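**Student:** turn this into a model:
(2 chains)
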There are 2 protein chains.
Amino acid sequence: MTSIESVVAAARRLDGVARVTPLLESPFINELAGRRVLVKAECLQHTGSFKFRGAWSALSALDSAIRSRGVLAYSSGNHAQAIALAARMHGVPAVIIMPADAPALKIDNTRALGAEVVLYDRDTESREALGEALERDRGLTLVRPYDEPLVIAGQGTVGLEIARQAEEFGITEADVLVCCGGGGLTAGISLALAARAPGLRPRPCEPAGFDDTTRSLAAGRRVGNEPGARSICDAIVTPMPGALTFPILQRHCGPGLVVSDDEALRAMAVAFSRLKLVLEPGGAVALAAALCRSQAIDGDVVIVVASGGNVDSALYQLALSTA
Amino acid sequence: MTSIESVVAAARRLDGVARVTPLLESPFINELAGRRVLVKAECLQHTGSFKFRGAWSALSALDSAIRSRGVLAYSSGNHAQAIALAARMHGVPAVIIMPADAPALKIDNTRALGAEVVLYDRDTESREALGEALERDRGLTLVRPYDEPLVIAGQGTVGLEIARQAEEFGITEADVLVCCGGGGLTAGISLALAARAPGLRPRPCEPAGFDDTTRSLAAGRRVGNEPGARSICDAIVTPMPGALTFPILQRHCGPGLVVSDDEALRAMAVAFSRLKLVLEPGGAVALAAALCRSQAIDGDVVIVVASGGNVDSALYQLALSTA
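**Tutor:** Down below sits the predicted model:
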């Protein structure tokens, strides 16, 4: 089981490597949301999302002989870029299995960071089967995107920073809204806050159709999404909470919050005009929840994790023109 | 004459009020520019530009009886929003004289921050005449946008941060590219770097048609721009270097760099995809110079000040679609 000790150990490995991202505030957003909103700008992390933390945490903890044979990941894009950069910084090969319909920007960036990209068809192929073959045949070490203790620990460093920054702002009680896919970020933040800022309550935020964590928390057991659902929030459209992440979420998280794709697009436009931050849809659902689900949130202050900004310009322009 | 002592004094007044903005880097931008590029993300400052520093510096230094009667500014938008917020935070009235063709977002934001906005026609009215009447009739104190020692000192705090952050990156020699209008930011940064990091050489960056500082530095005296020039870089389309700023620039700056509006748009698109930062055209000219004038820049590292991000969404979409 991942613990606060492993999060603290990850923070030591990440010190001087990952960016300490700022906690931003806008009087305009406060007014829109009806309370003070502090935005953790994790889109400014290396590779444009929090995923670099987990990737570096995992790679830096590997035995160097094992690491030197290379690492393997499957990802729609943010974990992919993060593993690619962390591998390049360690001087080891990376192979990334990506869905063929992932955003072009994410595929291009992953290749440009030196990784070998293997594309697969989301509807007809199993990425796990592809991955197992690569692990076996080439001696690669798989780094899972969320159900991996070292990755959860790395993402948890976001929570350590939030705890420290909230204290600087004089905030001891708040809901902390976290964009949630498989739950690695939410679980890591949960561990950090429970240990360091118990008045800060993590809450997973999800897009409609992919609200598996919200429903699982309500049901008290892991449930999956209906097949065939679609969302523009590509970074967080996972099938069900992780086997390792869910018990952590159950212990520490408040109820989930669910927003529509349109609400995510509006939140992207608000981040554009009020924070000067580029967010991708899956990185904007927590801000969308702060703006559109204010009655479901407790307290005078809410902290929002803006988890990523890797979005194609066509989709971004849609967000700006529909808002 | 503004000095390093006044910059340090401004930094004390700004401590805990202005944001310490991050110095960001992208391997993709490094590759495009052919050298290491570190971007000072001053678009993340309160009100979306560095101008908040100078505004707070000036207001916080005013005698409180004088300040309580209110302050006055003329500005195309960024200084306006900065004065409006600094005045609101001090609980005093602000009147802002803005050109009627300023970006709608900047006018709206200035009003939303509680200031009274007086619009004027750039081609037929004198903002100075309007301002003098308001000063006289209402007892307001004018805060000039750049030719004001307290404002220059406040903007200089960007330079103190650059000096400290460059040291953390282990950088002792670099050109520091600064988006330059009237020269307040460039002059302030120049004073700070000359005192704290003399190996960092400030260089003003300007849009074509408004390269008055570049030409003035070459001529050794202040020269103005040709009338009738137009640029999308509204934040920095000033008529000529300031009487107070120019002597500082002359003493400390390297040669200016000039970019086209199209190059500024391309730099905005690069900041979107690679840094997840929203830049306005006038805030992107220094990055444009790093990308497009690399042969005119010295050294293995260049530091770029990304000075503002207040851009209407229509213009931003143009930047993304033409890039």
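
**Student:** do a quick rundown of the strands in the stretch 151-300 of chain A.
**Tutor:** All strands of the stretch 151-300 of chain A, identified by DSSP state E, counting those that start in this stretch, fall at A:174-179, A:200-207, A:257-259.

**Student:** between those strands, which one is nearest to B:G182?
**Tutor:** Checking those against B:G182 by Cβ to Cβ gives strand A:174-179 as the closest, at 41.3 Å. Using the backbone N, CA and C atoms, a C-beta is placed for each residue, glycine as well.

**Student:** wait, does that closest one make contact with chain B?
**Tutor:** No - judged by Cβ under 8 Å from any Cβ of the partner chain, strand A:174-179 and chain B are separated, with a smallest distance of 14.6 Å.

**Student:** report the angle between that strand and strand A:200-207.
**Tutor:** 30 degrees (axes from the mean of the first three to the mean of the last three Cα atoms, to 10 degrees).

**Student:** now strand A:174-179: mean pLDDT?
**Tutor:** For strand A:174-179, the mean pLDDT works out to 98.

**Student:** quick one: stretch A:35-47 to chain centroid distance?
**Tutor:** Here the centre of stretch A:35-47 is set off from its chain's centre by 12 Å, with Cα atoms, centre = their mean, to the nearest Å.

**Student:** out of the strands of the stretch 151-300 of chain A, which is the most enclosed?
**Tutor:** A comparison of those by mean neighbour count, using mean count of other Cβ atoms under 10 Å in any protein chain shown, puts strand A:174-179 on top with a mean of 30.

**Student:** which elements pack onto that one?
**Tutor:** Counting contacts by 3 or more Cβ pairs under 8 Å, 6 or more residues apart in numbering or on different chains; DSSP states H and E, strand A:174-179 is packed against helix A:184-196, strand A:200-207, helix A:281-292, strand A:301-306.

**Student:** and of the ones you listed, who's closest to B:A163?
**Tutor:** strand A:301-306 (29.1 Å).

**Student:** phi and psi next, for the closest residue to A:F272 other than its chain neighbours.
**Tutor:** Spatial nearest neighbour of A:F272, chain neighbours left out: B:V278 (5.5 Å); criterion: Cβ to Cβ, 6 or more residues apart in numbering or on different chains. Torsion angles at B:V278 (phi, psi; degrees, to the nearest 10) stand at phi -90, psi 120.

**Student:** I figured B:V278 hits B:G308, correct?
**Tutor:** No - using Cβ atoms under 8 Å, B:V278 is not in contact with B:G308, being 9.5 Å away.

**Student:** give the residues shared as contacts by the two.
**Tutor:** Applying Cβ atoms under 8 Å, 6 or more residues apart in numbering or on different chains, one finds that B:V278 and B:G308 are jointly contacted by B:C43.

**Student:** for B:L130, find the nearest of the strands of the stretch 151-300 of chain A.
**Tutor:** Using Cβ to Cβ, the nearest of the strands of the stretch 151-300 of chain A to B:L130 is strand A:174-179, at 45.0 Å.

**Student:** residues in the stretch 51-200 of chain A within reach of chain B, list them.
**Tutor:** Proximity of the stretch 51-200 of chain A to chain B is confined to A:L85, A:L105, A:N109, A:A112, A:L113 under the rule Cβ under 8 Å from any Cβ.

**Student:** ok, now with 10 Å
**Tutor:** By Cβ under 10 Å from any Cβ of the partner chain, the residues of the stretch 51-200 of chain A that approach chain B are A:L85, A:R88, A:M89, A:L105, A:D108, A:N109, A:A112, A:L113, A:G114, A:E168.

**Student:** returning to what we had before: could you count how many residues lie near the residue nearest to A:F272?
**Tutor:** B:V278: 29 surrounding residues under other Cβ atoms under 10 Å in any protein chain shown.

**Student:** with the one 5 residues further on instead?
**Tutor:** B:G283 has 33 neighbours, counted by other Cβ under 10 Å.

**Student:** now it. Nearest residue, chain neighbours left out?
**Tutor:** According to Cβ to Cβ, 6+ apart, the nearest residue to B:G283 is B:G308 (3.6 Å).

**Student:** kindly report the same for A:Q165.
**Tutor:** With Cβ to Cβ, 6+ apart as the criterion, A:Q165 has its nearest non-adjacent residue at 4.4 Å, and that residue is A:L23.

**Student:** so the one you found makes contact with A:I303?
**Tutor:** Yes - A:L23 is within contact range of A:I303, at 7.5 Å (criterion: Cβ atoms under 10 Å).

**Student:** what touches both of the two?
**Tutor:** A:L38, A:V39, A:K40, A:I162, A:Q165, A:A166, A:F169, A:I171 (Cβ atoms under 10 Å, 6 or more residues apart in numbering or on different chains).

**Student:** okay, A:L23 and A:I303: which has more neighbours?
**Tutor:** A:I303 (28 against 20).

**Student:** pretty sure the more buried one sits against A:F169.
**Tutor:** Yes - between A:I303 and A:F169 there is a contact under Cβ under 10 Å: 9.2 Å.

**Student:** which residues of chain A fall in helices?
**Tutor:** When assigned using DSSP state H, the helices of chain A occupy the ranges A:4-14, A:27-33, A:51-61, A:64-68, A:78-90, A:104-112, A:127-138, A:149-168, A:184-196, A:212-219, A:245-252, A:261-270, A:281-292, A:313-322.

**Student:** save those helices as TSV, and put in distance to B:V258 too.
**Tutor:** Converted to TSV, the helices of chain A look like this (distance: least, Cβ to Cβ, whole Å):
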stretch	distance to B:V258
helix A:4-14	41
helix A:27-33	34
helix A:51-61	36
helix A:64-68	48
helix A:78-90	34
helix A:104-112	30
helix A:127-138	50
helix A:149-168	40
helix A:184-196	44
helix A:212-219	52
helix A:245-252	53
helix A:261-270	33
helix A:281-292	36
helix A:313-322	27
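
**Student:** columns distance to B:P198 and mean pLDDT on top of those, output as TSV?
**Tutor:** TSV is the format used below for the helices of chain A (distance: least, Cβ to Cβ, whole Å; pLDDT from 0 to 100):
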stretch	distance to B:P198	mean pLDDT
helix A:4-14	33	98
helix A:27-33	39	96
helix A:51-61	34	98
helix A:64-68	41	96
helix A:78-90	32	96
helix A:104-112	36	88
helix A:127-138	52	90
helix A:149-168	33	98
helix A:184-196	41	98
helix A:212-219	54	98
helix A:245-252	51	98
helix A:261-270	42	98
helix A:281-292	41	98
helix A:313-322	41	94
